[in-house]
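> Compute the structure for the input listed below.
(chains A and B)
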Amino acid sequence: ELKVEQNPLFLSMQEGKNYTIYCNYSTTSDRLYWYRQDPGKSLESLFVLLSNGAVKQEGRLMASLDTKARLSTLHITAAVHDLSATYFCAVDFIRDDKIIFGKGTRLHILP
Amino acid sequence: EPEVTQTPSHQVTQMGQEVILRCVPISNHLYFYWYRQILGQKVEFLVSFYNNEISEKSEIFDDQFSVERPDGSNFTLKIRSTKLEDSAMYFCASSVGARQPQHFGDGTRLSIL
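Residues are numbered from 1 along each chain as shown, chains lettered A, B, ... in the order given. Next up, the predicted model:
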């Protein structure tokens, strides 16, 4: 069964702190996406990770992929209030023409 | 930057009525998708479409659902007889090729009364 699990599902943190969101998936994949969603809005593409060991950074967000461990992380450095949103990882499983999303991590950053 | 556009942004429909959600994918994209997101929950795959036929569908996509590319630009999702549990945000996405990054539209919020 194709599964994508994120944790934590909810995260409340202070501005200036660092934290990591984890995304595990159940079977072979070489392609993983991170999306941001603000309440009532669409999905904004943050990162596309295409190979083992891939690391991408944009501002205070950094994403990495370990295909052997079937694990991706989204690291937040020195969080600011503007990063409050729900973050989804989504996995493109080989042999399937669809993306499976995790349940999302609702990130709330306190000023 | 080209984008996927969806109309309407919000659709309110009586239970049992038919509804058609419309999408205009990015013009050079060949693969089209529909996803739905029930309020507060995760995004779920419904169907993928390529070369004028369904390439994959989920168990959610039952006989009440259909998709069509009626012309060279539109991609539609029809729900034949809506149920209360069809209330959700429906996202259309398109990609230039198989297993390429999918670009999402802003979604249509469907409310069934």
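> who in chain B is up against chain A?
Neighbours of chain A within chain B, by Cβ under 8 Å from any Cβ of the partner chain: B:31, B:33, B:35, B:41-45, B:48, B:50, B:55-56, B:58, B:91, B:98-99, B:101-107, B:109. C-beta coordinates here come from the backbone N, C-alpha and C atoms, glycine included.
> again, only using 7 Å
Counting by Cβ under 7 Å from any Cβ of the partner chain, chain B comes close to chain A at B:42-43, B:45, B:48, B:55-56, B:91, B:98-99, B:101-102, B:104-107.
> Which of these are buried? Put it as a PyMOL command.
Those of the residues of chain B next to chain A that count as buried under 16 or more other Cβ atoms under 10 Å in any protein chain shown are selected in PyMOL with:
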select buried, chain B and resi 42+43+45+48+55+91+99+102+104+105+106+107
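> Looking at the residues of chain B next to chain A, which has the smallest pLDDT value?
Within the set of the residues of chain B next to chain A, pLDDT is lowest for B:Arg99 (76).
> coming back round to it: among the residues of chain B next to chain A, which are located in helices?
Using DSSP state H, no member of those falls within helices.
> Go through the residues of chain B next to chain A and say which is closest to A:Val48.
Comparing the residues of chain B next to chain A against A:Val48 with Cβ to Cβ places B:Pro101 closest, at 5.2 Å.
> Leaving out sequence neighbours, find the closest residue to B:Leu84.
B:Ile112 (5.2 Å; Cβ to Cβ, 6 or more residues apart in numbering or on different chains).
> Find me whatever residue is spatially closest to the most centrally placed residue in chain B, sequence neighbours aside.
Chain B has B:Trp34 as the residue nearest its centroid, 3.4 Å off, counting by Cα atoms, centre = their mean. In space, and not counting its chain neighbours, B:Trp34 is closest to B:Leu46: 4.3 Å by Cβ to Cβ, 6+ apart.
> residues contacting the one you found?
B:Trp34, B:Tyr35, B:Arg36, B:Lys57, B:Ser58, B:Ile60, B:Phe61, B:Phe65 (Cβ atoms under 7 Å, 6 or more residues apart in numbering or on different chains).
> most surrounded residue in these?
Compared across these, B:Tyr35 has the highest neighbour count, 28 neighbours, by other Cβ atoms under 10 Å in any protein chain shown.
> in stretch A:34-46, what counts as buried?
Buried-residue list, stretch A:34-46, by 16+ other Cβ under 10 Å: A:Trp34, A:Tyr35, A:Arg36, A:Gln37, A:Ser42, A:Leu43, A:Leu46.
> Okay then, goodbye and thanks.
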